[in-house]
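S.K.: Predicted coordinates and the sequence they were generated for:
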Amino acid sequence: MTGTRFYQVGSYAAGNRLLDPASRAEQSRAGRPNSLTMGHRACRGCGEALAARYVLDAAERATGGRIVTVNATGCLEVFSTPYPESAWRLPWLHSLFGNAPAVAAGVAAALRAQGRTEVRVIGQGGDGGTVDIGFGCLSGMFERNDDVLYVCYDNQAYMNTGVQRSGATPPAARTATTLPVGGDPGAPFGQGKDLPRIALAHGIPYVATATVAGLRDLEAKAARAMDLHGARYLHVLSPCPLGWGTGSGEAVRIARLAVESGVFPVFEAVDGEITGVERIRRPVPVEEYLRPQRRYAHLFKPEPRPDVIARIQQAADRNIVRYHLLDPDEQAAQGS
Ligand SMILES: Cc1ncc(C[n+]2csc(CCOP(=O)(O)OP(=O)(O)O)c2C)c(N)n1
Ligand code: SF4
């Protein structure tokens, strides 16, 4: 038996001005920056909009507002900049779908040539732009150790063009280009690109994962990344109510379930070595994460697919072991 543990599940909401001032997130302070402001056209409850604002607000604070942002094509770009408007309150460039890391590297090189090394560069994009079409540019940016933080907002499909499967779509998730029915529904197993691990293998100065369920952690990682120089990579799980088939108030809860089930490991690494993980505080079976999402509805009805769910559980269990996601007491209690 494990001892009783207490942990917050929402009372430390980012904008909660009733908290003790020392405990408040930056978003609850009157003078907070607001890099992605009102008027953008993201769907209600979009995890990507939430994540992007937290990352860039934290980066703005860390750099005194000296940032240039380069954005790949995708939801974040489209919903924030319907020409001739923009919801961004910082220098922001739209590159193409596939070249944001290369354009960001070019901006960093131009700034260096001008001796303006205090101005920092952030590249950002969705998982399609990052793990598929922009992957070669990103790997090159890592390999050259360009002075750029690249942020991937992972909503696990090409959402902007109608929920097509990307290289980061997880096994069995239904998309517009993966069948919901048949003998082996959803994206095939054994495929998909685990970009945080690929980034680690490049041995770059900083790699971290985060989710919208841990906004303080996300802020801290964005700030830490801005303290460092060279190529840095931040991979943020950003639930998409439209593509995942969840309610508009669910992004944070679903992201938390992804972490607590072991489906999405949250870690931090320096120079290719993992330096910290977010331990699972309330382990849950993957079914708890899958069931509320319509993209996995075919695993539950009309014919339940316990075999597929078991394979997803195996993958989550592998993450739990690989990243030591359970604390030692919990691990002992589970007999592993
Ligand atoms: C070369 C090229 N191919 C295709 C497109 C069409 N396109 C625009 S956004 C997008 C999908 C973006 O998906 P992702 O990067 O995952 O970001 P999300 O919209 O999910 O945030 C596609 C295919 C394009 N703009 N350029
Ligand atoms: S489709 Fe998804 S990622 Fe795109 S704006 Fe809507 S909720 Fe956000």
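M.R.: Happy to help now that I have it. Residues are numbered from 1 along each chain as shown. Ligands and ions are numbered 1, 2, ... in the order given.
S.K.: From residue 172, how far off is residue 99?
M.R.: Per Cβ to Cβ, to the nearest Å, residue 99 is found 31 Å from residue 172. Bear in mind the C-beta positions are built from the backbone N, C-alpha and C, glycine included.
S.K.: Residue 110 too?
M.R.: 44 Å.
S.K.: Looking at the stretch 151-300 of the chain, which residue is nearest ligand 2?
M.R.: Ligand 2 sits closest to residue 240 of the stretch 151-300 of the chain, with a gap of 3.1 Å, by Cβ to the nearest ligand atom.
S.K.: and the residue nearest to that residue when sequence neighbours are not counted, what is it in contact with?
M.R.: Among residues not flanking residue 240 along the chain, residue 155 sits closest, at 3.9 Å (Cβ to Cβ, 6 or more residues apart in numbering). Contacts for residue 155 were tallied using Cβ atoms under 8 Å, 6 or more residues apart in numbering; they are 47-48, 75, 126-127, 238-240, 243-244.
S.K.: Pick out whichever of the residues you listed sits closest to ligand 1.
M.R.: Nearest to ligand 1 among these, counting by Cβ to the nearest ligand atom, is residue 126 at 2.0 Å.
S.K.: Show me what the closest one bridges to in the sheet.
M.R.: Note on residue 126: beta-bridge partners residue 153, judged by DSSP bridges.
S.K.: and it, how many neighbours does it have?
M.R.: Applying other Cβ atoms under 10 Å, we find 31 residues neighbouring residue 126.
S.K.: And for the one 3 residues further on?
M.R.: Using other Cβ under 10 Å as the criterion, residue 129 is surrounded by 32 other residues.
S.K.: just residue 330 next, same as before
M.R.: Residue 330 has 18 neighbours, counted by other Cβ under 10 Å.
S.K.: what's the answer for residue 287, then?
M.R.: Residues within reach of residue 287, counting by other Cβ under 10 Å, total 17.
S.K.: Which residue, other than its chain neighbours, is closest to it?
M.R.: Per Cβ to Cβ, 6+ apart, closest to residue 287 is residue 309, 5.8 Å.
S.K.: ok so, going back, can I get the contacts of residue 155 in a markdown table with pLDDT and secondary structure?
M.R.: Output for the contacts of residue 155, formatted as a markdown table (pLDDT from 0 to 100; DSSP: H, G, I helix; E, B strand; the rest coil):
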| residue | pLDDT | secondary structure |
| --- | --- | --- |
| 47 | 98 | helix |
| 48 | 98 | helix |
| 75 | 98 | helix |
| 126 | 98 | strand |
| 127 | 98 | helix |
| 238 | 98 | coil |
| 239 | 98 | coil |
| 240 | 98 | coil |
| 243 | 97 | helix |
| 244 | 98 | helix |
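S.K.: Neighbour-wise, which one of those leads?
M.R.: Tallying neighbours with other Cβ under 10 Å puts residue 126 at the head of the contacts of residue 155, with 31 neighbours.
S.K.: show me where the stretch 151-300 of the chain has helices.
M.R.: Applying DSSP state H, counting those that start in this stretch to the stretch 151-300 of the chain gives helices spanning 195-201, 215-227, 241-244, 251-260, 286-290.
S.K.: From the chain's centroid, how far away is the helix or strand just after the last one?
M.R.: Spelled out, that is helix 286-290. Next along the chain after helix 286-290, taking DSSP states H and E as the criterion, comes helix 306-322. In terms of Cα atoms, centre = their mean, to the nearest Å, the centre of helix 306-322 is set 20 Å apart from its chain centre.
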